[in-house]
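*Asks:* Got a predicted structure plus its sequence, pasted below:
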Amino acid sequence: MSSTRRTFIRKAPIAAASAAAATTALGAAVPANADGGKQGPPWLFPRKKVNWLGEKPENPLFSPVVTYGGLVFISGIGAHFDGDIREHTDHVLNEVQRYLEAAGSSMEKVLKVNVYLGTLDDYDGMNEVFLGRFGSEPGVRTTIAAAAGIPGDSLVEIDCIACR
């Protein structure tokens, strides 16, 4: 008998109930942490974890690095010193690399990069330093010039999402 839309829809509740039962049975078999969360591989029970790369500030505005399961989220990093776009881009990329490695990832595992420039006049200079820093298969990238500039007078700010 060939499957039709009607036979599929009739069978769908059975398939959904079977999947729910399997998920419930698996979840019940996994012991809970002291805080009530489930233990197990991060892909099965992902949890948000903040990496402070040092001491946690008393009242943080945002987190520098957050992991969730196998994903790593790096906050925007700028360069807050006098210098040109090449020096600022190199500093920012070195910091991105340091943050990624602290979270168990690497530049080669970056999936998405956002680049914020103070002006599009710096686009070519930023690209000269950026080229090759994310391996032979870099992640996707968005680049914009922020109309109001970059906070802290940085010429460039970069954030990214990576996997571990």
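*Replies:* Happy to help now that I have it. What you are looking at is a predicted structure, and each value in this text was computed from that prediction instead of being measured. Residues are numbered from 1 along each chain as shown.
*Asks:* gap between the residue nearest to residue 119 when sequence neighbours are not counted and residue 98?
*Replies:* Counting by Cβ to Cβ, 6 or more residues apart in numbering, residue 119 lies nearest to residue 145, which is 5.6 Å off, once chain neighbours are set aside. Bear in mind the C-beta positions are built from the backbone N, C-alpha and C, glycine included. Taking Cβ to Cβ, to the nearest Å as the measure, residue 145 falls 26 Å from residue 98.
*Asks:* got it, and residue 139?
*Replies:* To residue 98, residue 139 is 18 Å away according to Cβ to Cβ.
*Asks:* Next up, the contacts around the residue nearest to residue 119.
*Replies:* By Cβ atoms under 8 Å, 6 or more residues apart in numbering, the residues touching residue 145 are 116-120, 123.
*Asks:* Residue 63 is in contact with residue 48, correct?
*Replies:* No - using Cβ atoms under 8 Å, residue 48 makes no contact with residue 63, being 9.2 Å away.
*Asks:* which one of the two has more residues nearby?
*Replies:* Taking other Cβ atoms under 10 Å, residue 48 and residue 63 do not tie; residue 63 has more neighbours (17 against 10).
*Asks:* Let me know the helix or strand that that one is in.
*Replies:* Using DSSP states H and E, residue 63 sits in no helix or strand.
*Asks:* Who are the contact partners of the closest residue to residue 71 other than its chain neighbours?
*Replies:* In space, and not counting its chain neighbours, residue 71 is closest to residue 163: 6.0 Å by Cβ to Cβ, 6+ apart. When contacts are counted by Cβ under 8 Å, 6+ apart, residue 163 is found next to 70-72, 105, 109, 111.
*Asks:* pLDDT check: weakest of these?
*Replies:* In terms of pLDDT, the weakest of the contacts of residue 163 is residue 70, which scores 93.
*Asks:* Please report phi then psi for it.
*Replies:* The phi/psi pair for residue 70 (degrees, to the nearest 10) reads phi -90, psi 10.
*Asks:* thought it was touching residue 164?
*Replies:* Yes - judged on Cβ under 8 Å, residue 70 makes contact with residue 164 at a distance of 5.1 Å.
*Asks:* what sits in contact with each of these two?
*Replies:* Common neighbours of residue 70 and residue 164 (Cβ under 8 Å, 6+ apart) do not exist.
*Asks:* Now do the helices in this protein.
*Replies:* Secondary structure of the chain by DSSP state H: the helices cover 5-29, 85-102, 123-130.
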